[in-house]
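S.K.: here is the input, now give the coordinates:
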Amino acid sequence: MIAIETLINRIRTLAHDTAETGYTDEDILFNINAGIRFISRIIKDMKPELLMDFPATGQLNPGENTICVNNVMLAVLAVRANGRALKVTSPLQIPDMRETAENPTAYYLCGFDKLALYPIPTKPVDYAVFYVPDTEEVTLTDKSPFPNDFDDALVEYAIIRLSMGNEFDMSQELTVMQTVMQQVQELINNFPSPEHRIRGYWDDNDYTNSYGGRDDYGIRGYY
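M.R.: Numbers count the residues shown, from 1 in each chain. Reported below is the predicted structural model:
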């Protein structure tokens, strides 16, 4: 996690702008934030738990089913109610939104910061929502949100974006951008992945995986 000011100095050196005549700090910061979003999207697709925030936890009273996490969610990884993982559904697939039960079995999204449990629980529910928060913009006084090795790719990305404003060869830009993406993917692959196993339909009655998903035919994966 390198200071943004240090990243800006590195970018200026590599872009041959140490005299600070080609780009303003704000120009470079704009492209650093674009790079952070670019890298975050790759991480979210490959290993979202690296971006996961602390789970939103709380308790719902009987008859309540709406959870507001007070944060914009970029992805929902798992939802648990009274310790049990819930499957995801859609309100368009629910025949009766008023249906109640002692414990919910599913959840559905109702906004970027809210979700609801189904059926509506008739008992208190302790919940936990595991999610990826929206990417935050950094300022000149902040640090990069990534480990140092990722920051090398971030610097390359920012330099590419800055160069595009100077009639940069688009074919070369695409080649370098793909190289940056490959670097990030290789870094992500260095992190351990949990075991993945498949069980048959008749192994047990709990088909919910660790991300809260459920396979249609009772096949459960361990991630």
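S.K.: which residues of this protein fall in strands?
M.R.: With strands called from DSSP state E, the chain shows them at 56-60, 66-68, 73-81, 84-85, 87-88, 100-101, 106-109, 114-118, 120-121, 125-133.
S.K.: so what are the sheet partners of the fifth one and their directions?
M.R.: Based on DSSP bridges, the strands next to strand 87-88 in the sheet, each with its direction, are strand 106-109 (parallel).
S.K.: for the partner strand, which positions count as buried?
M.R.: 106-108 (16 or more other Cβ atoms under 10 Å). C-betas here are computed from N, CA, C, even on glycine.
S.K.: residues in contact with that strand?
M.R.: 76, 79, 81, 86-91, 94, 115-118, 212 (Cβ atoms under 8 Å, 6 or more residues apart in numbering).
S.K.: how does it look with 6 Å?
M.R.: Strand 106-109 is contacted from outside by 79, 86-87, 89-91, 115-118, using Cβ atoms under 6 Å, 6 or more residues apart in numbering.
S.K.: now those: which count as buried?
M.R.: For these, buried by 16+ other Cβ under 10 Å: 79, 86-87, 89, 115-118.
S.K.: which of those sit farthest apart?
M.R.: 87 and 116 (13.6 Å; Cβ to Cβ).
S.K.: how many neighbours does residue 61 have?
M.R.: Neighbour count for residue 61, taken as other Cβ atoms under 10 Å: 9.
S.K.: what separation is there between it and residue 20?
M.R.: Distance from residue 61 to residue 20, counting by Cβ to Cβ, to the nearest Å: 58 Å.
S.K.: what's the answer for residue 176, then?
M.R.: For residue 176 relative to residue 20 (Cβ to Cβ), the value is 24 Å.
S.K.: distance of residue 10 from residue 18?
M.R.: Taking Cβ to Cβ, one finds residue 10 at 11 Å from residue 18.
S.K.: more neighbours: which of those two?
M.R.: Set residue 10 next to residue 18 and count neighbours by other Cβ under 10 Å: residue 10 wins out with 18 against 11.
S.K.: now that one, nearest residue through space, not along the chain?
M.R.: residue 155 (5.4 Å; Cβ to Cβ, 6 or more residues apart in numbering).
S.K.: mean confidence for the longest helix seen in the chain?
M.R.: Longest helix in the chain, counting residues (DSSP state H): helix 25-46. Mean pLDDT, computed over helix 25-46, is 94.
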